[in-house]
Structures are given as structure tokens and as C-alpha cells.
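# Below is the structure, and that's it, no one-letter string:
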């Protein structure tokens, strides 16, 4: 009898006895897969039941021991403060906040043109005295020179417009 015939005969004998090595291997793989799936589902449901700040606050208030209560409140305050964002946008971040809403945003900024260049498409690229770099986004022509005072104002839908003394306004976007 050849080796493949012996193996086949052993599998038939095992199948008759109620357990085949092939079936046991498949069963083990399926059991492991089910076990890992159950662990993943349990992990995701525990995230869904994560405590809110208010629930943690009430939990801290429930401690009878003063030291435990103080430690709990300190941990809660540390977590809240680490997730807090500053309310006011500084002039250095003007034009970079893009999608932040509900903030007390600066509406107009004044600066002096330090350097004026044109990009490969002929659009103006302005470097201001405060280090900000703004690029023209429309096709309007304006007379702007180094040393000119410019105003950049916030428009609708995250737009920014640059105006200079006695000129029209052009749409710009902050590059840096």
C-alpha cells in the first residue's frame, strides 16, 4: 500500500470513529475565529459604554474617602484639560483654522508686504512682515508692491480676501 493510500485509509478510519484529523483542524480554525470575533465585539461594545465626563464627575462625588475623592477629581480635571482647545485664535494662526467653528475668530488682519513673487501660473505669492505667506486664488490684477500695507479679511465659506490701498480685493489662501 502506498503512503497516500495509507493516509486516506487512516482518514476513513478516523471518520468512521467520529473524528477526522481534517475535520478537527477545520473545527479548531473555526473555534479560534469565533473566539477572536467575540473578543473584538466585546472590545467595541465596551467603547460604546465609555463613561462621559458628567458620569465620571458623579462617580468622583460618590467617594466617601476625601483622599480618593480628591484624586478622582484631579484625574478628571487632568483629562478634561488635556482635551481642551484654546478659545481664541492668535494672529499667527489666522487663516490656518480652516474648519474650526464656534471660535472667537479675528475678522481682519493688517500687514506689510515684505516680498512679492509670482508662481508658475502667474498668481501672486505675498510674504508678509509677520511671516505669513498668502497666494492669489483668482485671476484679478492688482497693483501691489513691496512695502505696501494690505488688509486680509475673512469671507464666507472659509474664503479670505486681500485688499490694498485704492485697489479691488482678490481672493487669497494662506500657504504658510
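Received the coordinates, thanks. From a predicted model like this one, the values you see are computed outputs, not experimental measurements.
# Have a look at this structure and report its longest strand.
Among the segments of the chain that qualify as a strand by DSSP state E, the longest is strand 108-118.
# in its sheet, what does whatever helix or strand comes next after that strand sit against?
Using DSSP states H and E, the next helix or strand after strand 108-118 towards the C-terminus is strand 124-128. Using DSSP bridges, the strands paired with strand 124-128 are strand 108-118 (antiparallel), strand 133-136 (antiparallel).
# Let me know the secondary structure of the residue nearest to residue 155 when sequence neighbours are not counted.
Closest residue to residue 155 apart from its sequence neighbours, by C-beta to C-beta, 6 or more residues apart in numbering: residue 161 at 5.3 Å. In this view, the C-beta of every residue, glycine as well, is placed from N, C-alpha and C. Recorded secondary structure, residue 161: strand (DSSP: H, G, I helix; E, B strand; the rest coil).
# Report pLDDT for residue 161.
Confidence at residue 161, expressed as pLDDT, is 90.
# Wait, it touches residue 167, no?
No. Counting by C-beta atoms under 8 Å, residue 161 stays clear of residue 167, with 11.1 Å between them.
# Contacts only, for the residue nearest to residue 155.
Residues near residue 161 by C-beta atoms under 8 Å, 6 or more residues apart in numbering: 152-153, 155, 169-172.
# Which single one of those residues is nearest to residue 59?
residue 155 (46.4 Å; C-beta to C-beta).
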